[in-house]
Structure formats: structure tokens, C-alpha cells
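Peer 1: Attaching a predicted model along with its sequence, questions to come.
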Amino acid sequence: MQQRITFLLFTVISLLIFAGCYLFSITLSKTSFASGTILLLCLLFLASYQLRKKISFLPLGSSAAWLRFHIFIGFLSFVVFAIHTRLQIPNGLLEFILFLTYYTVFLSGVVGLFLSRTIPYRLLSRGEEVLFERIPVHRRKIHDRVKTLVFDDAQPEQGAALPDFYHKHLQDFFEGPRHQISHILHSKRHLHQLKQKISAQEPFLDEQEQVRLQQIAEQIQLKDDLDYQYIFQAIIKLWLFVHVPLTYSLIIFAFYHALAACAFASTSG
Amino acid sequence: MSEPSISRPRRWDKPFSLEPGSEEEMTDADVEILLKKPPFSQIDPAGFKRSLPLHDIIKNDARVVGFDDGDIVVRRGDWGNSAFFILSGNVRVGLERGKPTLPDEILGRRHHKVKNLWESFSQLWRNHSVPEVRKLDSVFSKSELKTRHAHNSTRIYLQEVSAVLDKYHTARLETGHWFGELAALGRTSRVATVFSEGVSQLLEIRWQGIRDILRHDQNGKLKQYIEDAFRERALAAFLRTTPLFHDCQPELMQRIVDQVEFHTFGNYDSPKPFKDLIENQDHATEGGEPVIIREGDYPSGIVMIRSGLARISQRHYNGRRTIGYLSPGQIFGLDEIRAEVQSLTPVGCRTQLSAIGHLNAVLVPTPLVEELLKQNDSTGAADLHEVKTHVSDSGSHSVKINDDTLLSQLVDQNFVQGTSLMVIDLERCTRCDDCVRACSTAHDNNPRFIRHGPILNQYMIPNSCLHCVDPICMIECPTGAIFRDFAQGDIIINEQTCIGCAQCASNCPFDAIRMVDIRDSKGNIIVDSKTRSPLTQATKCDLCIDQRGGPACERACPHDALFRVDMQDASQVGEVFSR
Ligand code: SF4
Ligand code: SF4
């Protein structure tokens, strides 16, 4: 219901802006000054969300309400931007950079919206809930457990089945986050391959080694789940590093553009 | 570089009588006089430990306070940490709990010292870069204890006592009576407002003192006294809070009051039942809890919860399934008695009631309930529909969550204790940690929780303070530094009186209290002047009590993923957990 109302409101406001610009264009020759001003205001409002986050202890409304409004104004800015640029690619270099930056910020916003709606489900679907900053510690612990299983005191390090298998197939896997693209694509092919290698190795092991290999297989699963958690948490953190700095650049370019436009308008009378 | 040092605070470094609001310091002579008068003269001092004699308890945990005409002593709804004994004069108690007596406006409800706009804003640059900074002079120090405010400087009073007496229903309590002990012992809010009628002198005892007296009073006179007082003064009003008793005839009510039995389950002092509950989930629903009424038994009466929480469960194959829980004021067993009245054959309970942790309950015997039901039926006095709705609510699922397993986990892990339980819906949470950052900014860069804790279905319950209905963290605090805020009921820690003994932290079953080394503004760890060991203090979520706009974490979540839920509020619980 709430979504429908928002959509309706969005359509009405967009139509009003269209109509306003059209009427304005009948009476005056240029509408870009008006649409540009609205656009700049939209951008300033959009950027102020980051400021709101910094002063969360003040009763300025909930961050969730601000985000909803941020998204709404973000989409509205797209409509205004389309009117402002008349859906054409600008000629000037600065305008072109501005054009490109706006679209990147807008698209990154849309991507962010998509990520924030989908990643929570993905994170819930696999692995243990771990704080991002703690993931390396967990990974190290898993790796240490595996090394203990592989390099049992009784075994000579070289020429034994498990250490050889470890060096060949496991060492790299346990050393850092791996198979990130597969995780993003929700593929488990790498895991199946590793399990196949384990099955192929089993006939060459004695009973004790087989037990230990099974324990190693459990750690492989844990480490893979951790990688899954890592990549999705990293994506959402990385996204902010793209969206926020780009927004600031956009604001700087937009101000420069506005100043130039005003200066031009005043000199041309 | 020399470390800043002060002497480590201890219990009774600061006797109650030296705290602001006291009349004058309690002397040995004052204590001797008191010990000669009942009820103290009836307490056998031989039962007390040598390290904790009755004399010292009274000297340090009690104080004499003088009140003028109209001065408010306690207000309905405030959280009580102390009990009062009338030494001279009279006080008036506002009656009819649940009905609008003595409205808030004339009670001058106090407000917190919330940061003003400038103070809030300046947190952005005034927060310290090192953790847990304290001002040296704000940490408990003996020199500060010598200063005290004039005892009437912050007192609230009723302007026209005679007009108040004409307009509102009140009762007089005279010299020799106790009041406030039930709220102090049950760790519940005050049920009535009490104000002084004329000039009166009261002995106020903080609950740690009453607890110690009850613990060592071998002939149990004080306990008996407190029970009798409750029966005499508050029981009828308490019973009338449920629709069933609304229109009970005075004669029947008097018989009910005379015959009601008081029952206590679980240990008042020990947080053990909670810890067991959480650590040993297998026993949570079966052997771990004292059973109040067993499934299949004929109830000997209806049980009404006074304080604490109770679990309603039902046999499910070879185990028990939790189907609801009861909070204070709710009743159990009425359905069965009603069915018995209608069919004239005894009906066994379809569900079982057990106590979660410490629980106080009253039992109204079956014959009296039957009489009451017949009276209500014949006179049509009570709104039967209202009674039935209430009863069926409390008799089965008092709090509705569509998911039985989730409800059961919430009860098993005792999260139903929370009056402000933090819940993060992981289906919405993007793990951005804006909530933690907001908490950190609001607390001098020391966040009071991390986004980590048990996960039930898709809900994470971070290890943040729940602000329990029955806050067992307060039980052992020797100085009362951890207390319920009078105005809001939040559990907060007073850093001026926290001596760092860690009792609260070890009692909290939710690991919500952290002991931290405290530092001065330069980042140096503050040490005890004698032992040179670092001074620690307890810290935890204070629900942003000094911030404008309440809990920063909840407001900071961009995805509506973090909630503060009052687990006693069925509608809130339903809203959050059944989305
Ligand atoms: S309510 Fe305030 S103190 Fe408590 S966790 Fe939230 S932000 Fe921190
Ligand atoms: S602010 Fe909300 S979305 Fe971000 S980590 Fe906290 S609960 Fe999750």
C-alpha cells in the first residue's frame, strides 16, 4: 500500500515538473535555469543524508525515513536531470564529465538499493554471522586447525599423503578469501571440485588419515562459508566507498557548472 | 608519567544518610533508639553475620527524612529502590490503582537532564579519542560525600492538600507503618503516590538493607509484617486491576483479601535460575523451572502474577512446548474454574504454568473464585465479554507470535524479560554498523553494544542491555550504583557510585554489562591510590537517556532493521516478530 502511494506521488510530482517546465518554456525561452536549480537542490538534499548519519543523536527523524526520502528524491532527480539535459549528451568537456558523474552516482544508487534489498537474504542463507572485521581472525583459526590436522607430529612433513595434498590443493585456498566471483554468481563449482579431489585422494590414505581428511573437509566447508560472508559484506562496504565520494565530486562539478551558467547568463544579459 | 590515582570506593563508604535529600547523618545513638522500637525490636540480631550486623545495616542503609505538608514521598509509576517506615506524623496514599487519581500534572513529574542542542551537537568534536574517559572529580570520592543538598531543595509537593484530600480518594497511614517495601523488594514500580499530611518524619531504607535484614532475620517477623501490610493495604487494589474483580462486592472482596495465599518461586537473591536457563537449554521447559500449576491438575485457585514472569507450556509428544508467557497482573487458571462451574465436574488444566526466575504470585482459592463468577453471572455486574477476552488472552497465548518455535526460544532464553529488547531483523540488516556508530557518538566514542549475539530465526538479539522487568543485575550491587531511573524505568549505572566490584556484570545472564578500565582525559588509566591497580567501572546501554530523541541505534538504522521491543507489550511483540 505504502509503495503504491509513493509511486503515485512520484508520478504526480514528475508530471507536475514536466508540466511546469513546459508552461515555463511557453512563456520564456529557457527552462534550464529552473530545472538546474531544482536539480541542484535535489543534489544538496541527497548529499545531506550523509550528514544526517553523522549527527544521529539529534532528533532529526529516523534514518530509515531519511533513506526512503533519499531514494524518492534520487529518482525524482533523474526525471529533472532528463528534462535539464533534454536527454542529450552535452558537448562541452565539463558538462560531459558532469553528465557522466551524475549517471554513475545515480546508477550506483540504484545498484545500492538493489544490494541493500538482496544481500541481507544472501548473508542469512549461508554460513555463520560474523562481524566483517573479525573474518580474518576466523579464517586464521580455521587455517591453524587445518594445519594441525595435516602436519600431525607423527608424520614427516615431506613425502606424506596429507601434507602433499595440502600443499597442492589446500594451502592457497586457506590463505585468504577465494572464489569470490563464484560466490557472487552463487556457484558452488569450486567446492564440488575440491570435494572430488578429496574423494580421489581417499583410497591412498590409511584409516587415520581418512578421518583427518574428513575433518579437513568440514573446515573447507567452514572456510568457504566464511568467504561467502566476506565477499557480500565487502561488496556492501565497498559500495559506500563508491557512492559517497562520487556524490561529493558531483556536488563540486554541479556548483562549478551552476556558477559558470550564472556568469554566462549575466554576461549575455 | 605518574598515573592519576584515587582510593577504591567500597560499600558504605557513603552511608545512605549522607546522600542528598537526607535530614542528617545517622548516628549510633539514632540506631540504638530505632532498635528498641518495633518492628526492629522484634528482629533477632543474633542471626546476623559479624561482618554485617543489624546495627550497621540500619546505620548505613537507612536514613531519616523529614517531610512538610504536601511533600510527595513516592509517586505512582516511579521505580522504587527503597522502603519507608513512618517514625512520626502521617502520610496519605492515593487509592484506586488503575483509575485516574492524583493526576501527573499535580505530581510534578520530573524530567531528565537531557543534553541541550549545543551539548548534543558538540559531541561531534568534544568526544574523547581514548575510551572510557571519566572526570576525576566525578568518580566516587570521599571528599565529595561531605557535600549534600538541602533536603527539601528538589522535593515536589502538592499545593493545596485539603483540596486534594477532598477531590481524590486517599487513605491515611500513621506512625509505625511501612510503605514502599513491596515495590522495593519486588523491583516493581510504585503502585501508589504517597504524600505527607502535615509534618512527618520517615525512616527510608534502601532495598539492599531490607534484603539483608530479610535474609538474616531468623524469626521472620519483618517478612510477616510486610505480607500483612500488603494484604491490608494493596491487595484489593491489586486484584481490582483485572476485570474479573472490578465489580466484586465489598464483602466478598474482604473474604478474598483475607484468604489469598502468597507464593514465591525461585530465589530472590540469586541470578542462578536465569543463568541455568540460558546455559542449559535442555532443562528450560521441563525440570529447570518451579512448576506453579501442573498440566492436568485441578487448579486450587487462580494464580495472579505480582512480579516476575511465568511460562505457559503444553505437553507435546514427549516434551513440552511453550505457548505463551504471563507478565505481572495477568492471571492463570480461570478457564478451568469457569468450566467447572458450568459443568459441575472438575476440569484439569490444559496447560502448565511455571516460574521463570524469581516470581511473586497470589493465589485466590477456587471456592472464592467460583463464588465471584456466580456473583458476576447473576448480577451481570462485570462486563463478561471483557472478562472472557482478558481471561482467554492470559489463559493461552498472552503474547502472540505466529511462530511457536520462536516464542519458545524467546522464553527459553529469557528474552521476554526485556522492556527494551534490541532486535535486529537480519533479513533487512545490511551490516552497515550505522547503529553501532550512532551509539558510539552518543557515548563519548564508546559504543555500548556490538552487532553480535544469538540469532533466533532471522532475528539477532545483540548483547545489549534488555532493561529487564526483573533486573537481577541490581540484586548484588552494594552501593545501588545500578538503578532504575525514576522517570522512565530504564536501568542505568551511576558512574559516581560504581565501585567496580563487577557483581552486576557477573549476574547479568545476557552479558550486557562490560567492566572497563577508566581513564583521565589524557588517556591515562586511573589507578587505586593504595594498590595501584587500575580502577574499573561497569558500562552498558543506557537507552541514550541523556540524548535528545531516545535510543540513537534505533533511529540510526537506515533499513528499519533494528527495534527496541517491550516484551510485555503484546502488540509491539506481534508487530516486530510477525512481520
Ligand atoms: S539505546 Fe543508546 S546506548 Fe543503548 S545500544 Fe542503542 S544507542 Fe547504544
Ligand atoms: S544500522 Fe541497521 S542495517 Fe546497519 S548494521 Fe545496524 S541494524 Fe543492520
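Peer 2: Sure, I can see it. The structure displayed is predicted, hence computed values, not measured ones. Ligands and ions are numbered 1, 2, ... in the order given.
Peer 1: so the residue in the stretch 351-500 of chain B positioned nearest to ligand 1 is in which element?
Peer 2: Of all residues in the stretch 351-500 of chain B, B:Cys439 sits closest to ligand 1, at 3.1 Å by C-beta to the nearest ligand atom. The way it works is simple: take the backbone N, C-alpha and C, and place the C-beta from them, glycine included. Assigned by DSSP states H and E, B:Cys439 belongs to helix B:434-442.
Peer 1: Run the chain-centre distance for that helix.
Peer 2: Between the centre of helix B:434-442 and the centre of its chain there are 27 Å (C-alpha atoms, centre = their mean, to the nearest Å).
Peer 1: Extract the C-alpha set from that helix and format it as CSV.
Peer 2: Listed next in CSV are the C-alpha coordinates belonging to helix B:434-442 (Å, rounded to 0.1, in the frame of the first residue of the first chain):
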residue,chain,number,x,y,z
ASP,B,434,25.4,2.7,11.4
CYS,B,435,23.7,1.7,14.6
VAL,B,436,26.9,1.0,16.4
ARG,B,437,28.5,4.2,15.2
ALA,B,438,25.5,6.2,16.4
CYS,B,439,25.7,4.5,19.8
SER,B,440,29.4,5.3,19.9
THR,B,441,28.9,9.0,19.1
ALA,B,442,26.2,9.3,21.7
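Peer 1: Residue numbers of chain B in contact with chain A?
Peer 2: B:117, B:120-121, B:123-124, B:426-432, B:434, B:437-438, B:441-442, B:450-452, B:455, B:458, B:460, B:544, B:547-550, B:552, B:554-561 (C-beta under 8 Å from any C-beta of the partner chain).
Peer 1: list the helices and strands the longest helix seen in chain B packs on?
Peer 2: Using DSSP state H to define each element, chain B has its longest helix at helix B:366-379. Counting contacts by 3 or more C-beta pairs under 8 Å, 6 or more residues apart in numbering or on different chains; DSSP states H and E, helix B:366-379 is packed against helix B:250-259, strand B:301-316, helix B:334-343, helix B:384-395.
Peer 1: Could you tell me which residues within the longest one count as buried?
Peer 2: Read it as strand B:301-316. Neighbour counts over strand B:301-316 (16 or more other C-beta atoms under 10 Å in any protein chain shown) mark B:301-314 as buried.
Peer 1: pLDDT for those - can I get that in a markdown table?
Peer 2: Listed next are the buried residues of strand B:301-316 as a markdown table, based on pLDDT from 0 to 100:
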| residue | pLDDT |
| --- | --- |
| B:Gly301 | 91 |
| B:Ile302 | 93 |
| B:Val303 | 93 |
| B:Met304 | 92 |
| B:Ile305 | 89 |
| B:Arg306 | 85 |
| B:Ser307 | 81 |
| B:Gly308 | 82 |
| B:Leu309 | 86 |
| B:Ala310 | 89 |
| B:Arg311 | 89 |
| B:Ile312 | 89 |
| B:Ser313 | 88 |
| B:Gln314 | 88 |
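Peer 1: The residue in the stretch 51-200 of chain A that ligand 2 sits nearest to: what's its closest spatial neighbour, skipping adjacent residues?
Peer 2: As assessed by C-beta to the nearest ligand atom, ligand 2 sits closest to A:Ser63 within the stretch 51-200 of chain A, at 7.4 Å. Among residues not flanking A:Ser63 along the chain, B:Pro558 sits closest, at 4.5 Å (C-beta to C-beta, 6 or more residues apart in numbering or on different chains).
Peer 1: Tell me who's in contact with the one you found.
Peer 2: Contact analysis of B:Pro558 by C-beta atoms under 8 Å, 6 or more residues apart in numbering or on different chains lists A:Lys53, A:Ser63, A:Ala64, A:Trp66, A:Leu67, B:Thr430, B:Cys432, B:Asp434.
Peer 1: do B:Asp433 as well
Peer 2: B:Arg451.
Peer 1: Give me the pLDDT value at residue 188.
Peer 2: By default, I'm working from chain A. If you check A:Lys188, the pLDDT there is 93.
Peer 1: Hmm, no, I was thinking of chain B.
Peer 2: For B:Thr188, pLDDT reads 68.
Peer 1: how near is the closest residue to ligand 1 within the stretch 101-250 of chain A to A:Leu123?
Peer 2: Residue nearest to ligand 1 within the stretch 101-250 of chain A (C-beta to the nearest ligand atom): A:Leu131, separated by 15.8 Å. Distance, A:Leu131 to A:Leu123, using C-beta to C-beta, to the nearest Å: 12 Å.
Peer 1: if we can go back for a sec, the residue nearest to A:Ser63 in helix, strand or coil?
Peer 2: When classified by DSSP: H, G, I helix; E, B strand; the rest coil, B:Pro558 comes out as coil.
Peer 1: try the one 5 residues further on
Peer 2: For B:Phe563, the secondary-structure state derived from three-state DSSP is strand.
Peer 1: What degree of burial does it show, as a neighbour count?
Peer 2: Neighbour count of B:Phe563, defined by other C-beta atoms under 10 Å in any protein chain shown: 21.
Peer 1: what sits against it?
Peer 2: B:Phe563 makes contact with B:Met422, B:Val423, B:Ile424, B:Asp425, B:Glu554, B:Val576, according to C-beta under 8 Å, 6+ apart.
Peer 1: what's across from it in the sheet?
Peer 2: Using DSSP bridges, the bridge partners assigned to B:Phe563 are B:Val423.
Peer 1: which parts of the stretch 301-450 of chain B sit against ligand 2?
Peer 2: Within the stretch 301-450 of chain B, the positions near ligand 2 by C-beta under 6 Å from any ligand atom are B:Ile424, B:Cys429, B:Thr430, B:Arg431, B:Cys432, B:Asp433, B:Asp434, B:Cys435.
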